[in-house]
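Colleague: Below are the sequence and a predicted model for it; my questions follow.
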Amino acid sequence: MADMRQQAIDAGAEEKALRDLEYARDRERLGDQAYTRGDFEGAARNFRDAKTGFVGALETAKRADVAVANNSGSNDNGYGNNGGSDEVPGLDDISIPDIGLGDSGSADLSSGLPGLFKGVAEYDSSKGSLRLNWSDGSELFKDMKRMSGDPSHAIFEGDEGVGSGQDGNYVMAGNTKGFWLVNSSFEDGVRIRAKVQFQLLINKPDFEIVLMADEGGDFYAVSYGANARVYSDGLKTSTVVSPVKMYRKSPKDWVQKREAYDIEILYVKRNEDEKGILEAKINGETTVKLTTDKYRKGFPGIRWKDTKFIIQELEISGLVDEEWAEKEINKAPQDSSEGSEDDFDF
């Protein structure tokens, strides 16, 4: 009976340690996001909470260790520890989430993940985050996959079909109709920054930045950086229109041709108890914001019709879908490429 009671205590301690670790990881993510937004007070508060969670998890594990050691000593009948192992009870048995503590999964991602991309890929194992950007369209083309549309309607290099005077200063251009995804899956957090110049809008134009897309028809999208949508099986199931009056009009009424727009789209789910937040900005101004957690992992991309555009700059960062990453690394040929070790914040 005493042994059963001790086992129950040990199991409870391990469960509490796991909860503390999960809490700490959530606080760490919140701190990173607050720091990125410039909310330094919020960042400091969440980092302090994360530290408290990590310390609490370790202390719980240590208490379990001491309890088991004492229990073993009082029942060994003078014959030592009955052949028990040298593992630390409560700590070595915990399946620790990826928080950058050097577990083998993180090591594999650090060495293998950047090599999956032709563009610049920076993986931060301490956050489980990946940042991607491309110096030219030839790199981006190799990191994307076409979902629909004629291949000729997406342009990644040269002036043909783009317009004179570009001098190759773009990573992607498009016309008529198309749908392309960046081949990198994110989970519970992704930010897309794009500098886009629109050249022509005809008929019923649309230009969507896509997030959390599966390879079917489920995804979030933000049209021209202003109005948010949710798609299921390729069909639009809901729309949240921007509260900003100008963006509620047809894009043909407000989009300025030949003017570059800085568009930023963010989706983040901070913890299990709250829904995720989808937010869009144009030139730093929030255009739409909503809460949803219908889709929590997937690919980012671009989808358009009846619009001619040029993406001059593109950067994507977020929390890596580790299941996807490990699968891709395992099937990819070995590559000697290594990612940058520069600090970065999702």
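Modeller: Good, I have the coordinates. Residues are numbered from 1 along each chain as shown.
Colleague: Convert stretch 280-287 to CSV, retaining C-alpha atoms only.
Modeller: Output in CSV follows, covering the C-alpha atoms of stretch 280-287 (Å, rounded to 0.1, in the frame of the first residue of the first chain):
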residue,chain,number,x,y,z
ALA,A,280,-3.6,42.4,-40.5
LYS,A,281,-1.9,45.7,-41.0
ILE,A,282,-1.3,48.0,-44.0
ASN,A,283,1.6,50.4,-43.6
GLY,A,284,1.6,49.8,-39.8
GLU,A,285,-2.1,50.5,-39.4
THR,A,286,-4.3,47.6,-38.1
THR,A,287,-7.0,46.9,-40.7
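Colleague: Check which residues of it are buried.
Modeller: By neighbour count on 16 or more other C-beta atoms under 10 Å, the buried set for stretch 280-287 is A280, K281, I282, T287. Glycine gets a C-beta too; all of them are placed from N, C-alpha and C.
Colleague: Relative to the helix or strand containing the last one, what are the paired strands and their orientations?
Modeller: When secondary structure is defined by DSSP states H and E, T287 falls within strand 285-291. When sheet partners are counted by DSSP bridges, strand 285-291 sits next to strand 277-282 (antiparallel).
Colleague: contact partners of the strand it pairs with?
Modeller: 211, 220, 222, 225-226, 228, 247, 261-270, 286-292 (C-beta atoms under 8 Å, 6 or more residues apart in numbering).
Colleague: 7 Å instead?
Modeller: 220, 222, 225-226, 228, 261, 263-268, 286-292 (C-beta atoms under 7 Å, 6 or more residues apart in numbering).
Colleague: just the buried members of those residues?
Modeller: 220, 222, 225-226, 228, 261, 263-268, 287-288, 292.
Colleague: which two in those residues are spaced the farthest apart?
Modeller: Y261 and T292 (24.1 Å; C-beta to C-beta).
Colleague: May I ask which two of the buried residues of stretch 280-287 are separated the most?
Modeller: It's A280 and I282 that sit farthest apart of those, by C-beta to C-beta, at 7.3 Å.
Colleague: isn't E315 right next to V190, touching?
Modeller: No. E315 is beyond contact range of V190, at 11.3 Å (criterion: C-beta atoms under 7 Å).
Colleague: And those two? Which one has more around it.
Modeller: Higher neighbour count among E315 and V190: V190, with 28 against 17, using other C-beta atoms under 10 Å.
Colleague: Can you give me the distance of that one to Y170?
Modeller: Distance, V190 to Y170, by C-beta to C-beta, to the nearest Å: 22 Å.
Colleague: what does Y23 give?
Modeller: Y23 is 44 Å from Y170, by C-beta to C-beta.
Colleague: higher neighbour count, these two?
Modeller: Counted by other C-beta under 10 Å, Y23 and Y170 do not tie: Y170 has more neighbours, with 25 against 18.
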